[in-house]
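J.: Mind looking at a prediction? Sequence and model below.
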Amino acid sequence: MRARVRLGDDLVVELAETFRLMSDPTRLKIILACLDAPAAVGEMAERLGISASLVSHHLRLLRAARLLQADRRGRQVFYVVGDEHIRSMLTDMADHVSEEEPAEGEG
């Protein structure tokens, strides 16, 4: 069992803002699209069925919150979840919501 985390007010506000950013389904889909491999704006837009300009808008917010990192390769910029804490949390939460509910009387 982990020790309790104690954060100052400023960090609590930053943490709440991070969760607020991830609570938007489009932004969460963008983050998840960058979880396993770097992805370019056009690729994400096509995969998610939204405009490249909307993807770019969300990417600005996600990069500012350090949820995604950018890597320029020539003329294209690829985005990836570069922080292992974010990767681990999202993977764990995705596993959690994918679990089947235990049958009544179990667990």
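T.: Now that the structure is in, tell me what you want to look at. Numbers count the residues shown, from 1 in each chain.
J.: I am assuming residue 90 contacts residue 31, so please confirm or correct that.
T.: Yes. Counting by CB atoms under 8 Å, residue 90 sits close enough to residue 31 to count as a contact (6.7 Å). Backbone N, C-alpha and C define where each C-beta goes, glycine included.
J.: More neighbours: those two, which one.
T.: Using other CB atoms under 10 Å, the more surrounded residue of residue 90 and residue 31 is residue 31, with 22 against 17.
J.: any idea how far residue 81 is from that one?
T.: Using CB to CB, to the nearest Å, we find residue 31 at a distance of 6 Å from residue 81.
J.: who touches both of those two?
T.: 67-68, 90 (CB atoms under 8 Å, 6 or more residues apart in numbering).
J.: All the helices of the chain, residue numbers only.
T.: Assigned by DSSP state H, the chain shows helices spanning 9-22, 25-33, 41-48, 52-64, 84-98.
J.: would a markdown table of these with distance to residue 76 and mean pLDDT be doable?
T.: Shown next, in a markdown table, are the helices of the chain (distance: least, CB to CB, whole Å; pLDDT from 0 to 100):
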| stretch | distance to residue 76 | mean pLDDT |
| --- | --- | --- |
| helix 9-22 | 24 | 94 |
| helix 25-33 | 15 | 96 |
| helix 41-48 | 8 | 96 |
| helix 52-64 | 12 | 97 |
| helix 84-98 | 22 | 94 |
